[in-house]
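**Q** need the 3D shape of this:
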Amino acid sequence: MMLLAIEQGNTNTMFAIHDGAEWIAQWRAATESTRTADEYVVWLSQLLSMHGLGFRAIDACIISSVVPQSIFNLRNLSRRYFNVEPLVIGENAKLGVDVRIDKPSEAGADRLVNAVGAHMIYPGPLIVIDSGTATTFDIVGADGAFEGGIIAPGINLSMQALHEAAAKLPRIAIQRPARNRVVGTDTVSAMQSGVFWGYISLIEGLVARIKAERAEPMTVIATGGVASLFEGATETIDHFDSDLTIRGLLEIHRRNTHLET
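**A** Purely as a prediction, here's the structure:
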């Protein structure tokens, strides 16, 4: 089995190849909702050839996307060039877990895949924090069910909004303030402190409120593009795990393949 897993967020899209035993390649591209199947394949063919792979080697495909406009083109990529009908989260892929929210169809594909990937490794009720374009806090029940969550603006989005809405505030890189200082002594250090410690406080505050509302011990896992920025800055997060989504996609593919046999 040679599986192509595609995980598309609002900012980046990851393509990963699993050979049945391990992940052998991963690539990222900027998400462009209008990119066609033909454009994807021109880009992907060069990367596959670097690993000695051709299109015919791929015999399975699974897609998780939070960009509905792109799913048509990604599905065409799989059908036309790999001759494979892809599994698409939210369409024809069975998750194998309950989605216990008022409108299950509204749950983002990435949040559901993260729930599956987290429950495979971490026991008990979970809080999964995914830091990307949005910062999401998702609740995974002890039995693996997706039980809702919180959606807040992502750290990059907040920084961009601050720059665009305030004429005198520059565009700056997101980083931990020097010497862990909270009070900035110039504009840049004040902005860095506001965003960095503001998000730490957001995480600590919302996790505390979730635990108080649920009244049960919960394990907190952080993932996503900028999660590593917070590593070591708060004791609220129990584990940092960058592989939640890709692990979840592989498990969902396995469950659906098992169902077919």
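**Q** could you check how many residues crowd around A145?
**A** 18 (other C-beta atoms under 10 Å). In short, each C-beta sits where N, CA and C put it, glycine included.
**Q** OK, contacts around it?
**A** 97-100, 115 (C-beta atoms under 8 Å, 6 or more residues apart in numbering).
**Q** now A107
**A** 99, 101, 146 are the contacts of A107 under C-beta under 8 Å, 6+ apart.
**Q** now do the SS call for the most far-flung residue of the chain relative to its centre.
**A** Within the chain, the residue lying farthest from the chain centre (C-alpha atoms, centre = their mean) is T185, at 34.8 Å. Classification of T185 using DSSP: H, G, I helix; E, B strand; the rest coil returns coil.
**Q** what distance do you get for G184 to I172?
**A** 11 Å (C-beta to C-beta, to the nearest Å).
**Q** which neighbours do the two share?
**A** In contact with both G184 and I172: 191-192, using C-beta under 8 Å, 6+ apart.
**Q** please identify the buried residues of the lowest-mean-pLDDT helix or strand in the chain?
**A** Sorting the helices and strands of the chain by mean pLDDT, DSSP states H and E puts helix 155-165 at the bottom, at a mean of 85. Residues of helix 155-165 classed as buried by neighbour count (16 or more other C-beta atoms under 10 Å): 155-159, 162.
**Q** what sits against L74?
**A** L74 touches 6, 8, 37, 40, 63, 65, 86, counting by C-beta under 8 Å, 6+ apart.
**Q** just the ones of the residues you listed in helices?
**A** Residues from those lying in helices, with DSSP state H as the criterion: 37, 40.
**Q** between the contacts of L74, which sits nearest E231?
**A** Ranked by distance to E231 (C-beta to C-beta), the contacts of L74 are led by Q8 at 25.1 Å.
**Q** show me how far stretch 108-119 is from its chain's centre.
**A** In this view, stretch 108-119 has its centroid 8 Å away from the chain centroid, taken as C-alpha atoms, centre = their mean, to the nearest Å.
**Q** picking that back up, let's have the buried residues of helix 155-165 in TSV, adding distance to T133.
**A** Formatted as TSV, the buried residues of helix 155-165 follow (distance: C-beta to C-beta, whole Å):
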residue	distance to T133
I155	10
N156	7
L157	6
S158	11
M159	12
L162	16
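**Q** low-confidence ranges in the chain?
**A** 259-261 (pLDDT under 70).
**Q** how about the helices in it?
**A** 37-50, 68-81, 109-121, 155-165, 187-214, 244-260.
**Q** any figure for the gap between the closest residue in space to N12 that isn't next to it in sequence and E7?
**A** Distances taken as C-beta to C-beta, 6 or more residues apart in numbering place R28 nearest to N12, at 5.1 Å, with adjacent residues excluded. Look at R28 and E7: by C-beta to C-beta, they are 10 Å apart.
**Q** repeat that for V88.
**A** Taken as C-beta to C-beta, the span from V88 to E7 is 12 Å.
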